[in-house]
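Participant: how does the following fold in three dimensions:
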Amino acid sequence: MNRFYVPFRAGLKNLWIDSSESHHIVHVKRLKIGDNIIVFNGIGDEFEAEIEDIEDNRVKVKINQQKTISKESRVGIDIAFAIPKGKRSHLLVQKCTELGAQKLIPINYARSVVKLKDDCSVKIEKWQKIAIEASKQCGRNTITEIGEVVNFDSILNTTGSYDLPLFACNQSDSDNLKNTLQEYPKPNKILSFIGPEGGFTSNEIEMAKKAGCKFVSLGRQILRVETAAIAVSAILSYHYST
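Facilitator: The predicted model follows:
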């Protein structure tokens, strides 16, 4: 059944759907009055609904039944990533959302090829739309949050709120990621740092060590930013799903 994202609170019996989703319902999917759809609100709730009316750019639906379907990992996974060039960031957001990432945090590292300034709301909004579409496609009822762009030293101050802060880096003292995860069987929140393709600076590495990050290796290959972020999301999601 067709799924649509509509941010609304549970308990409503009827709902008017505006904006791009109503356009998608009428002009893309060509659904009509009497057709059934699924609507989800991005915070965990999913509902069966029936189209009751179509008026201009709005669609009215009747909420029939709430479904409690959780496809979320039992571990909150946040990815703090260097911003790749061009549309490679779109792939990163899309796939990490499909793999269950709770939050994606764009970081300005010292060697970042792309550094965003404060006035980057348009790009953040674009990434959030990609996350919404990815959640619709993969069946998640929760939307991956896109955080504000921050500098590396700023986010290091938050590592204390995570059970496991990971630092993906091919240092000589980096442990195998599998070994590290086995030492943490039941974390609630994980933060993984994904650096730029030019690598972390020695200063960033020392700062991460002082902040208590666990240094892990993703293998011998040098990965692109989006590949590393997707790989970490997949590994963490799979490891903690069993």
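Participant: beyond the longest helix anywhere in the chain, next helix or strand please.
Facilitator: With secondary structure taken from DSSP state H, the chain has its longest helix at helix 121-138. Where DSSP states H and E defines the elements, the next helix or strand beyond helix 121-138 is strand 145-146.
Participant: and the gap between H24 and T159?
Facilitator: For H24, the distance to T159 (C-beta to C-beta, to the nearest Å) stands at 40 Å. Using the backbone N, CA and C atoms, a C-beta is placed for each residue, glycine as well.
Participant: quick one, domains of the chain?
Facilitator: When the chain is parsed with automatic domain parsing, its domains come out as 3-67, 76-239.
Participant: where among those is the average confidence lowest?
Facilitator: Mean pLDDT per stretch puts domain 3-67 lowest among the domains of the chain, at a mean of 88.
Participant: how much space separates the closest residue in space to R74 that isn't next to it in sequence from P185?
Facilitator: Among residues not flanking R74 along the chain, Y240 sits closest, at 6.1 Å (C-beta to C-beta, 6 or more residues apart in numbering). According to C-beta to C-beta, Y240 and P185 sit 9 Å apart.
Participant: got it, and L31?
Facilitator: Applying C-beta to C-beta to L31 and P185 gives a distance of 46 Å.
Participant: okay, the two: which has more neighbours?
Facilitator: It is L31, of L31 and P185, that has more neighbours when counted by other C-beta atoms under 10 Å, with 18 against 8.
Participant: that one contacts E50, doesn't it?
Facilitator: No - between L31 and E50 there is no contact under C-beta atoms under 8 Å: 10.4 Å.
Participant: who touches both of the two?
Facilitator: Common contacts of L31 and E50 (C-beta atoms under 8 Å, 6 or more residues apart in numbering): I37.
Participant: if you count neighbours, what's buried in whichever strand or helix holds S20?
Facilitator: Using DSSP H and E, S20 sits within helix 19-23. For helix 19-23, a neighbour-count test (16 or more other C-beta atoms under 10 Å) marks E21, S22 as buried.
Participant: no further queries at this time; thank you.
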